[in-house]
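Asker: Fold the following for me, if possible:
(one chain, ligands or ions: 1)
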Amino acid sequence: MALKKIITVPNELLRKSSDPIETVGDNEKKLIKDLFETMYHNKGIGLAAIQIGVPKRIIVLDVSQKEEKKNPICFINPIVKKISDEKSIYEEGCLSLPETFIEIERPKVCLVEYIDQEGKKKEMECDDLLSTCIQHEINHLDGRLIIDFLSKLKRDVIIKKLSRNKQNPDRVVV
Ligand code: ZN
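Answerer: The predicted structure is shown next:
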């Protein structure tokens, strides 16, 4: 296992659409382990492969609460098959958008079809936080980010701020 660096906006890779997985082999299994390690290390509840720079349709999630047992789930080639009319709103953050939180309304329940780590086809009904989280991560696979839910004006302000942060040299106080 290896801890990977998470890429952040404005890295253009985050806008790339990821490729489907044909077979779950050793490389994919290693990638999944790296994704879990990187997600837990950064205290995230979800991570898509593209966020460590790999354009493959793989997502890892764990929405268990602090006091609960860990509940790692991996979705390969996930597709949303059904959504509820009922919506829920969460303030979402993203490991690829430091210090940015946006209220987003999404379907409260969604049915996701995917392949698991053993290569088996599965379906899962996702509710509330899990529903929001899986939809957020599937957006990553299509090059979509939470700032796309904002107006262009607000989006540009955030991108500009994050771009500026990146160019700043390290500050030293002597
Ligand atoms: Zn994200």
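
Asker: ok, and for stretch 45-53, which residues are buried?
Answerer: Ile45, Gly46, Leu47, Ala48, Ala49, Ile50, Gln51, Ile52 (16 or more other C-beta atoms under 10 Å). The way it works is simple: take the backbone N, C-alpha and C, and place the C-beta from them, glycine included.

Asker: Closest to Lys120 out of these?
Answerer: If you rank the buried residues of stretch 45-53 by distance to Lys120 using C-beta to C-beta, Ala49 comes first, at 19.3 Å.

Asker: I'd like to know how far the closest one sits from Gly25.
Answerer: 14 Å (C-beta to C-beta, to the nearest Å).

Asker: Give me the subset of the buried residues of stretch 45-53 that lies in strands.
Answerer: Using DSSP state E, the members of these that fall in strands are Gly46, Leu47, Ala48.

Asker: Output these in a markdown table; the columns should cover pLDDT and distance to Leu31.
Answerer: Below are those laid out as a markdown table (pLDDT from 0 to 100; distance: C-beta to C-beta, whole Å):
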| residue | pLDDT | distance to Leu31 |
| --- | --- | --- |
| Gly46 | 97 | 15 |
| Leu47 | 98 | 11 |
| Ala48 | 98 | 11 |
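
Asker: Ile6: which of the residues you listed is nearest?
Answerer: Of these, the one sitting nearest to Ile6 (C-beta to C-beta) turns out to be Leu47, at 7.7 Å.

Asker: what's the nearest residue to that closest one once chain neighbours are set aside in contact with, if anything?
Answerer: Ranked by C-beta to C-beta, 6 or more residues apart in numbering and with sequence neighbours excluded, the top spatial neighbour of Leu47 is Met39, at 4.0 Å. When contacts are counted by C-beta atoms under 8 Å, 6 or more residues apart in numbering, Met39 touches Ile45, Gly46, Leu47, Val60, Asp62, Leu95.

Asker: Most widely separated two among the residues you listed?
Answerer: Asp62 and Leu95, at 13.3 Å, using C-beta to C-beta across the contacts of Met39.

Asker: so what does the helix or strand of the chain at the bottom of the mean pLDDT ranking touch, helix or strand wise?
Answerer: Ranked by mean pLDDT, DSSP states H and E, the weakest helix or strand in the chain is helix 152-167, scoring a mean of 88. Applying 3 or more C-beta pairs under 8 Å, 6 or more residues apart in numbering; DSSP states H and E, we find helix 152-167 packed against strand 97-107.
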